[in-house]
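Engineer: Sequence and predicted model, in that order:
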Amino acid sequence: MNIFSTLKRYYSYYQNLKGLDRNSYFLTVNTRITDDLGAMQGHKLIPLIRDSLEYAEKNIIKEKDIKNSFLLNIFPGEHYRILSGLIKTIKPKKILDIGTHTGMSARIMLDYSDQKTEIKTIDLIKWNQFKDTHLCNEDFQIRKFSQELIDLSDKSTFKEYSALFNDVDIIFTDGPKDGKFEYDFLENLNSLKLDKKQSYLIIDDIRFLNMVKLWRNILSPKLDITSFGHFCGTGLVDISEGLQINKKIFENNIRQNLKRNVIN
Ligand SMILES: C[S@@+](CC[C@H](N)C(=O)[O-])C[C@H]1O[C@@H](n2cnc3c(N)ncnc32)[C@H](O)[C@@H]1O
C-alpha cells in the first residue's frame, strides 16, 4: 500500500467518523456494570481464552518471504497468534473466514486445524488476485478448503448461502468495517437458527469507532480480547445459542446508512 492509498483510506475513515452519531463516542465508555449485558456473561469464555493464550504465547508462526508476513508474529498487537491458539483449543471441524485478502487468517486456519477440517473463505475478490497472498493452489487441492465470492451482508445472498453456517464451529469476520457490512451481516446471522452446538464468532476491529456500537449491542456471552489480539480490537462471542443482538440498534444503523446514502 503506498502513501496515497493509505491517506485515501484514512480520509475515507475520517469521513465515516463524521457521519457517526454521538452515541458511538459515548459508547466507548462503560459507566455501569450493567451497561454491557453480553460482557457480563463473558466469564464463560475465560477457560477457552486461558488455554488459547497459553498456546499462542509459545507458538512462533512460520513467516513467508512476503510483504506483511511479519505481522503473523506481532503479539500482542495482531490477532494471528491468538487465532492459532483458539483453533488448537477449539479443534473446529468447520471454519468460516470472512475477508480473504492476502489469506493470512486462512493460512492460520489451514496450518493449525486438523487436515479434515473444512474451511471456507469469503471475499468479493478472488484470492489469487492479491499478489502477496499466503495461499497457494495446493491448499485448495489437498484440503477441504474453498473460496466463495459473495456478499453476506446482502439478505438474499445470505439466505441462499445459509447452508454455509450449518455445523460451523468458528466464524472469523474481518471484512470492510465500513459501518454497514458488519451490522448487516450480524443482523442476518441473528435471523438464522444455528445448530445448537459449541460455536464461536471472532470479530476483528471492535475498537474502530464505527464498530463500537456493534460490539456493545451484542447480547450473547462475549469477551473483548483486544489485549491478546488486534490492537484495533478483537472480540470473542459465544454463539452456541445463536447470535443475540439488540435488534433495534442494528435496524437503526441500517436506516441511518440508507438515509446517508440518499443524502450523498
Ligand atoms: C482486512 S481484509 C481481510 C484480511 C484477512 N482476514 C487476513 O488476515 O489476511 C478485508 C477483506 O474484506 C473484503 N471485503 C470487503 N467487502 C466485503 C464483503 N462485502 N464481503 C466479503 N468480503 C469483503 C476485502 O476485499 C478484503 O479483502
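Structural biologist: Arrived safely.

Engineer: what pairs with the residue positioned nearest the centre of the chain across the strands?
Structural biologist: Nearest to the geometric centre of the chain sits residue 173, at 2.2 Å (Cα atoms, centre = their mean). Beta-bridge pairing for residue 173 (DSSP bridges): residue 98, residue 203.

Engineer: distance between stretch 98-114 and the chain's centre?
Structural biologist: 12 Å (Cα atoms, centre = their mean, to the nearest Å).

Engineer: no, scratch that, I was asking about stretch 92-104
Structural biologist: Counting by Cα atoms, centre = their mean, stretch 92-104 comes out at 9 Å from the chain centroid.

Engineer: Quick check: end-to-end length of that stretch?
Structural biologist: 18 Å (Cα to Cα, to the nearest Å).

Engineer: does the ligand sit close to it?
Structural biologist: Yes - using Cβ under 6 Å from any ligand atom, stretch 92-104 reaches the ligand at 98-104. C-beta coordinates here come from the backbone N, C-alpha and C atoms, glycine included.

Engineer: Repeat that for stretch 226-238.
Structural biologist: No - Stretch 226-238 is not in contact with the ligand by Cβ under 6 Å from any ligand atom; minimum separation 9.6 Å.

Engineer: Show me what counts as buried in the helix or strand containing residue 17.
Structural biologist: Secondary structure from DSSP states H and E places residue 17 in helix 3-18. Across helix 3-18, burial judged by 16 or more other Cβ atoms under 10 Å covers 13, 16.

Engineer: quick one: the strands in this structure?
Structural biologist: 94-98, 118-123, 144-149, 170-173, 200-204, 222-224, 234-238 (DSSP state E).

Engineer: Output those strands in TSV; the columns should cover mean pLDDT.
Structural biologist: Shown next, in TSV, are the strands of the chain (pLDDT from 0 to 100):
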stretch	mean pLDDT
strand 94-98	98
strand 118-123	98
strand 144-149	98
strand 170-173	98
strand 200-204	98
strand 222-224	97
strand 234-238	98
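
Engineer: Redo those as a markdown table? Include distance to residue 138.
Structural biologist: A markdown table is the format used below for those (distance: least, Cβ to Cβ, whole Å):
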| stretch | distance to residue 138 |
| --- | --- |
| strand 94-98 | 18 |
| strand 118-123 | 14 |
| strand 144-149 | 10 |
| strand 170-173 | 22 |
| strand 200-204 | 26 |
| strand 222-224 | 36 |
| strand 234-238 | 29 |
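
Engineer: List the contacts of residue 16.
Structural biologist: Residue 16 makes contact with 178-179, 210 under the criterion Cβ atoms under 8 Å, 6 or more residues apart in numbering.
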